[in-house]
Every structure is written in structure tokens, then in C-alpha cells.
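Novice: sequence and computational prediction follow.
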Amino acid sequence: MDLQLFIDGDQGTTGLDLRNRLRDRAFQLRTLPAELRKDPAARRAALNDCDIAILCLPDAAAREAVAWIENPAVRVIDASSAHRTSPGWIYGLPELDAGQPQRIAQAQRVTNPGCYPTAAVALLRPLTDAGLLPPDYPLAIHAVSGYSGKGRAGAEEIEATGGAPSLQVYGLDLQHKHVPEIQAYAGLTAPPIFVPAYGSYRQGIVLTIALHLRLLAADASPARIHECLSERYRASEDVHVLPLAAEGAAPGLDPQIHNGTNAMSLSVAANARTGQVLLCAVLDNLGKGAAGAAVQNLELMAGAEATASQT
Ligand SMILES: NC(=O)C1=CN([C@@H]2O[C@H](COP(=O)(O)OP(=O)(O)OC[C@H]3O[C@@H](n4cnc5c(N)ncnc54)[C@H](OP(=O)(O)O)[C@@H]3O)[C@@H](O)[C@H]2O)C=CC1
Ligand SMILES: CC(=O)N[C@@H](CCC(=O)OP(=O)(O)O)C(=O)O
């Protein structure tokens, strides 16, 4: 079946990437002409005249768009952070647990995960589910993202003014908008400390989380943690767990290796002498962290529509 999609915000970083990713797929894609792309009446009409609306907007505009949808048949994928922990919204991380693909497939409202939370939740949730990571563990999460995380205007300004600083740490008020989302979906009872940074490159995230074995469950070990993650993602097409590196031989991680794809790599590094473990994730902030995830969710939702139309 030819589902009619409307991308609201199609000229931004996520929207443009999404258009590219949908180019060869069997969806009817609707966007507004440049002069109408911010016109409330045109957006409202388009939002109510599609099967699935994909919002690639700043949070305020995404909230406005959702409020305008009166047609009960319209389903929504929101790439913004407006609804990440809102009641009635399904979290668009199919790898969250075994039931999540089905929940996404049947949802009316899907909130795409944040780029950083995709990595943090993928690393942490299997460990809290398995009881290896206590839910009140005092976590600190560090990440470096390409500067495209600033959105199109921010990225263009950087490129027009001679490039980004080599590294800029931010979120130092420790209230980054992703903290509630990470806490909720990683199964934590305490908010983690989250310290993001922008690098001088355009695209790609590397995120790390340090753990002390003495603060984990008694049966936790690097091998057990690695096995837990490997088991969880064994059947995943997109999430791959790298082999446990021999001590002294852990390879470096390049944040850009998955750019242009929907892949995410997870790894476990350890020092047996100190009892320290480092969880690492690499993904494309615009891929599995945004537009790639939207396509993944769209395919699940479209699959459910196709099944419904055959019965
Ligand atoms: N960049 C990233 O790494 C990621 C971003 N996201 C999320 O996706 C969303 C979009 O991000 P991103 O693509 O980076 O942002 P951009 O700023 O690149 O794109 C947003 C687009 O929405 C347009 N827009 C703004 N206000 C309105 C409005 N009222 N009506 C219609 N269009 C409007 C903007 O136009 P104009 O520029 O002219 O104002 C722009 O084209 C954000 O909420 C962000 O949190 C999610 C994961 C990763
Ligand atoms: C502009 C902005 O807020 N950028 C975010 C990174 C992109 C992002 O967080 O987007 P998602 O929440 O949708 O993943 C930041 O600076 O931390």
C-alpha cells in the first residue's frame, strides 16, 4: 500500500536527511513549497491529510503541530524532544525490549529517541533489566557529537565562520534535556550526570559510561556485561556488540564510522586490576540518532498498516 507521508520541517538537518533516506522507498512523500513551509494554515491542512506525519521540527513547533491534528487516522512520528517522556507516546527505540517493535507498529504517536539517549539507553537498559546495574547507580555519561546536533542554522553558522572549536563541552548546568529520557528508559531511579560535547567534525557520536565493578551486582564481570549486551542485540540488524577486547588491546573508537547508516556499535572495555569497566557506543546522530530511527519506526508502522489492509 502507498502510505502518504508528510514531513513537517523537511528543510532542516533531520528533515533533509530523512528525505534522502526515503528517496527509493514506496511511500508517497508530501512536503510544502518553500513559501508555505512555515504557514500555519498550510501545515495544519497537510498534517490532517496524510497517513503518517513526521515532525522534524524544534520542540515548540512539534507541540503546535500535534495540537493541530484533528484527523484521528493520522499517525505521528516526532523526531523532536517534545514528547520523549509524555504519556500516550511510544518510545521509538525498537531495541528497547522484545515487545517494543510491536508497540511501535501499532502506535498512533511515536516519539523518536534522542541521539544521545539512543546510545545511553542501549548500553544501560539490558544491564538494569538483568539486575547487573543497580537502578540507583551514581552514573556519569560523557559524549562527543558532531556539530550537526546544533541543527541546520547552527551548523551553517559554524561552517560560515571558519569551523567549530576543536571541542566544546556543554550542558554544564547538569540539566540537559536528555536526562529525564535516559533515566526513564534506562530504568534508573536517579538522574545520571550527562556531560555532552561538540567536536569540530560534522556528524557522529561517541558516548561512554564508566562503571566500577564493586558497585554492581555481585555476579557482574566484564564478560558477564558483554554477554548480557551481546545476548540482547544478537538478532538486531542495526545494533552490534563488538568483541570483548583483550586487555591492553582495546581499539580506539572513531565517532564517524557509522555516518550515513542506521548502525550503532556497542563495546565493553575493562581493567581487571582496578575493577573498572567502560561502556562505549558509536552512532550517527543523524542516522540511528534521528532520521535513520524515523525510517525504522516508519517501516514498523507501515508493516502494521499493510497487515491491517489485508485482513
Ligand atoms: N540534529 C541532531 O543531531 C538531532 C536532532 N533531533 C531533533 O530533531 C528536531 C529537528 O532537529 P534538526 O533537524 O537538527 O533541526 P533544524 O533546525 O536543522 O531543522 C528544523 C527545521 O524546522 C523548521 N522550522 C522551525 N520552526 C518551524 C515552524 N514553526 N514551522 C515549520 N517549520 C519550522 C526550521 O526552519 P528554519 O531553520 O527556517 O527556522 C528547520 O528547517 C529537533 O527537535 C531535534 O531535537 C533529533 C536527533 C538528532
Ligand atoms: C539543538 C539541540 O538541542 N541540540 C542537542 C543535540 C541534538 C539533540 O539533542 O536532538 P535530540 O534531542 O532530538 O536528540 C544538544 O545541543 O544537546
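Specialist: Noted; the coordinates are in hand. Ligands and ions are numbered 1, 2, ... in the order given.
Novice: return the set of buried residues in whichever helix in the chain runs longest.
Specialist: The helix that spans the most residues within the chain, counting by DSSP state H, is helix 292-310. Residues of helix 292-310 classed as buried by neighbour count (16 or more other Cβ atoms under 10 Å): 292-298, 300-302, 304. The C-beta positions use only the backbone N, C-alpha and C, and glycine is treated the same way.
Novice: quick check: mean pLDDT across stretch 281-288?
Specialist: The average pLDDT within stretch 281-288 is 98.
Novice: quick check, it touching ligand 1?
Specialist: Yes. For stretch 281-288 and ligand 1, the contact criterion (Cβ under 6 Å from any ligand atom) is met by 285-286.
Novice: measure residue 103 to residue 296 for me?
Specialist: 14 Å (Cβ to Cβ, to the nearest Å).
Novice: let me fix that: residue 33
Specialist: From residue 33 across to residue 296, the span is 29 Å (Cβ to Cβ).
Novice: name the nearest residue to residue 22, ignoring sequence neighbours.
Specialist: residue 29 (5.9 Å; Cβ to Cβ, 6 or more residues apart in numbering).
Novice: ugh, typo on my part, it should be residue 71
Specialist: With Cβ to Cβ, 6+ apart, the residue lying closest to residue 71 is residue 48, at 4.4 Å.
Novice: my read: that neighbour touches residue 73, true?
Specialist: No. Assessed by Cβ atoms under 8 Å, residue 48 is found out of contact with residue 73, at 9.3 Å.
Novice: between these two, point out the one with more neighbours.
Specialist: Between residue 48 and residue 73, counting by other Cβ atoms under 10 Å, residue 48 is the more crowded of the two (15 against 9).
Novice: contacts only, for that one.
Specialist: Neighbouring residues of residue 48 by Cβ atoms under 8 Å, 6 or more residues apart in numbering: 68-71, 74.
Novice: need the per-residue pLDDT for it.
Specialist: 98.
Novice: show me what contacts the residue nearest to residue 22?
Specialist: 5, 7, 19, 22.
Novice: what's the most distant pair in the residues you listed?
Specialist: 5 and 19 (10.1 Å; Cβ to Cβ).
Novice: the two: who's more crowded?
Specialist: Shown here are residue 5 and residue 19; by other Cβ under 10 Å, residue 5 has more neighbours (21 against 16).
Novice: isn't the more buried one up against residue 52?
Specialist: Yes. At 5.3 Å, residue 5 counts as touching residue 52 under the criterion of Cβ under 8 Å.
Novice: mutual contacts of these two, please.
Specialist: Joint contacts of residue 5 and residue 52 (Cβ under 8 Å, 6+ apart) are residue 298.
Novice: on that earlier part again, ligand 2: which of the buried residues of helix 292-310 is nearest?
Specialist: Nearest to ligand 2 among those: residue 293, at 9.6 Å, using Cβ to the nearest ligand atom.
Novice: the closest one touches residue 93, doesn't it?
Specialist: Yes. The pair residue 293 / residue 93 is scored as a contact, 7.4 Å apart, by Cβ under 8 Å.
Novice: okay, and the common contacts of these two?
Specialist: Listed contacts common to residue 293 and residue 93 are 113, 118; contacts here mean Cβ under 8 Å, 6+ apart.
Novice: contacts only, for the nearest residue to residue 80 once chain neighbours are set aside.
Specialist: Leaving aside its sequence neighbours, residue 80 sits nearest to residue 62 (Cβ to Cβ, 6+ apart; 3.9 Å). With contacts defined as Cβ under 8 Å, 6+ apart, the neighbours of residue 62 are 55, 78-80, 82-83.
Novice: near ligand 1, which of those residues show up?
Specialist: Okay, of the contacts of residue 62 touching ligand 1 (Cβ under 6 Å from any ligand atom), that's 79-80.
Novice: so which of the contacts of residue 62 belong to strands?
Specialist: Judged by DSSP state E, these include 55, 78 as members of strands.
Novice: which residues of this protein fall in helices?
Specialist: Applying DSSP H to the chain gives helices spanning 13-22, 40-47, 59-68, 100-106, 115-129, 151-160, 179-186, 222-233, 292-310.
Novice: domains of the chain?
Specialist: As given by automatic domain parsing, the domain ranges for the chain are 3-113+289-310, 115-285.
Novice: coming back round to it: now do the longest helix of the chain against helix 13-22, angle only.
Specialist: 50 degrees (axes from the mean of the first three to the mean of the last three Cα atoms, to 10 degrees).
Novice: how about residues contacting helix 292-310?
Specialist: For helix 292-310, contacts defined as Cβ under 8 Å, 6+ apart pick out 1, 3, 5, 14, 18, 21-22, 25, 27, 51-52, 54, 56, 75, 77, 79, 92-94, 101, 104-107, 110, 112-113, 118, 238, 261-262, 284, 286-287.
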